[in-house]
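Below is the sequence, then the predicted model.
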Amino acid sequence: MNYPQILQDIAREVSSLYGQGKVADYIPELGKVSPRQFGFCLHTRDGQVFTHGDSDVKFSIQSISKVFTLSLVFAHLGEAMWKRVGVEPSGNAFNSLMQLEYEKGIPRNPLINAGALVVTDMLVSTFRDPKAEILRYLHLLSGSNDIQFNESVAESERKTGYRNFALGYFLKSFVNLENDVDQVLDVYFHQCSVEMSCKELAAAMQLFVHHGVEPNTQQRLLTMSQTKRLNAVMQTCGFYDEAGEFTFAVGLPGKSGVGGGIAALLPGHYSLAVWSPELNKKGNSVLGMKALELFTTMTGRSVF
Ligand code: GLU
């Protein structure tokens, strides 16, 4: 397969879509990002890396971080964690309060905000220094120690994240948050503020390509069954209220974030990360989603 050519063709085709989406600005600091950027990285199972465009530029991974905190917590707590959070697609906005009320404080899945807050709460209960643990884990998975929080982005969200605070207090009222709301939210805003490049993200997703074994160190971090479950949750819940559309168009498990990044994988074969800051109405990167659709269509390689 001539991947360099495929990536070039994809980049050319998606460039006509600039201007169709909008950079997220509900977190004021994110609104400062220049919109016309596009990065793509393909990382194969055997460690070959193909890149295009702004694949070394670091961006705010935002909700993509939910996959990593989830995998960290799942590895430590096992099946018991699913008593506090479900695994059904939400069919609602990622920050819906209504759904949490209907479901009596048990969030639908760990990739919407309410569910991610419960996972972060578990992280806070499990690790003495949860923020350091998140960075340690990301350094291990990506093979790069140059991954940090962006304090300005975390602070910007702390000042404006009223809805996330509301979800936190709501969870607390249902006795589904063990720690202080402020403490959980502080860790959550920091995990969302992590900056990574497409290259680093694609490398970090290799854990799920390799069925739970971290390929650089050959450490098994998740069981086969846990990896299967995480990939399934990414497939069904990873793309906001557009998980069905994403599965229909692209056919890969993964996770998107409002920073414009999307990380995805074909278990046993490859991981991909793509980034372009302009988002569609559901919160997914316009160019990113199209690029992934073109990739699975041109290569014929998707889950389906
Ligand atoms: N920190 C963002 C929030 O909680 C993440 C949103 C996202 O990327 O989906 O609103």
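Right, received. Where do you want to start?

Other residues contacting the helix or strand K228 falls within?
Here K228, judged by DSSP states H and E, is contained in helix 224-237. With contacts defined as Cβ atoms under 8 Å, 6 or more residues apart in numbering, helix 224-237 is touched by 67, 70-71, 74-75, 78, 87-90, 108-112, 207-208, 211-212, 222, 243, 247, 252-255, 264-265, 267, 303. Any C-beta I mention is one placed from the backbone N, CA and C, and that applies to glycine too.

In strands, which of these fall?
Within these, residues falling in strands by DSSP state E are G254, K255, A264, L265.

biggest separation within those, which pair?
Pairwise distances across those peak at 10.0 Å for K255 and L265 (criterion: Cβ to Cβ).

In the stretch 101-250 of the chain, what residue comes closest to the ligand?
Residue nearest to the ligand within the stretch 101-250 of the chain: C192 (3.6 Å; Cβ to the nearest ligand atom).

Which of the three states applies to that residue?
Secondary structure, DSSP: H, G, I helix; E, B strand; the rest coil: C192 is helix.

Give me every residue in the protein lying close to the ligand.
Residues of the chain lying close to the ligand (Cβ under 6 Å from any ligand atom) are Q62, S63, F94, N95, N113, E157, N164, C192, G257, V258, G283.

show me the contacts for the first one.
Neighbour list for Q62: L30, C192, G257, V258, G259, G261 [criterion: Cβ under 8 Å, 6+ apart].

pLDDT score for it?
You'll see Q62 listed with a pLDDT of 98.

Distance-wise, check the nearest residue to it once chain neighbours are set aside relative to Q183.
Distance criterion Cβ to Cβ, 6 or more residues apart in numbering; nearest residue to Q62, sequence neighbours excluded, is G257 at 3.3 Å. Taking Cβ to Cβ, to the nearest Å as the measure, G257 falls 23 Å from Q183.

What is the burial count for Q48?
10 (other Cβ atoms under 10 Å).

still on that earlier bit, among the contacts of Q62, which one sits closest to G39?
When the contacts of Q62 are ranked by distance to G39 (Cβ to Cβ), G261 comes first, at 8.8 Å.

Who does the closest residue in space to the closest one that isn't next to it in sequence form a beta bridge with?
Nearest residue to G261 in three dimensions, chain neighbours excluded: W275, at 4.5 Å (Cβ to Cβ, 6+ apart). Applying DSSP bridges to W275 yields these beta-bridge partners: G39, G261.

check contacts around W275.
Residues counted as contacts of W275 (Cβ under 8 Å, 6+ apart) are 37-40, 54, 57, 59, 198, 259-262, 285, 288.

Put together JSON lines for those residues, with neighbour count and distance to G21 on each row.
Shown next, in JSON lines, are the contacts of W275 (neighbours: other Cβ atoms under 10 Å; distance: Cβ to Cβ, whole Å):
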{"residue": "Q37", "neighbour count": "17", "distance to G21": "12"}
{"residue": "F38", "neighbour count": "26", "distance to G21": "12"}
{"residue": "G39", "neighbour count": "27", "distance to G21": "16"}
{"residue": "F40", "neighbour count": "29", "distance to G21": "17"}
{"residue": "D54", "neighbour count": "17", "distance to G21": "16"}
{"residue": "V57", "neighbour count": "16", "distance to G21": "18"}
{"residue": "F59", "neighbour count": "26", "distance to G21": "15"}
{"residue": "C198", "neighbour count": "30", "distance to G21": "18"}
{"residue": "G259", "neighbour count": "28", "distance to G21": "13"}
{"residue": "G260", "neighbour count": "31", "distance to G21": "8"}
{"residue": "G261", "neighbour count": "26", "distance to G21": "13"}
{"residue": "I262", "neighbour count": "28", "distance to G21": "13"}
{"residue": "S285", "neighbour count": "27", "distance to G21": "7"}
{"residue": "G288", "neighbour count": "32", "distance to G21": "10"}
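
Just send these back as JSON lines, with pLDDT too.
Output for the contacts of W275, formatted as JSON lines (pLDDT from 0 to 100):
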{"residue": "Q37", "pLDDT": "98"}
{"residue": "F38", "pLDDT": "98"}
{"residue": "G39", "pLDDT": "98"}
{"residue": "F40", "pLDDT": "98"}
{"residue": "D54", "pLDDT": "98"}
{"residue": "V57", "pLDDT": "98"}
{"residue": "F59", "pLDDT": "98"}
{"residue": "C198", "pLDDT": "98"}
{"residue": "G259", "pLDDT": "97"}
{"residue": "G260", "pLDDT": "98"}
{"residue": "G261", "pLDDT": "98"}
{"residue": "I262", "pLDDT": "98"}
{"residue": "S285", "pLDDT": "97"}
{"residue": "G288", "pLDDT": "98"}
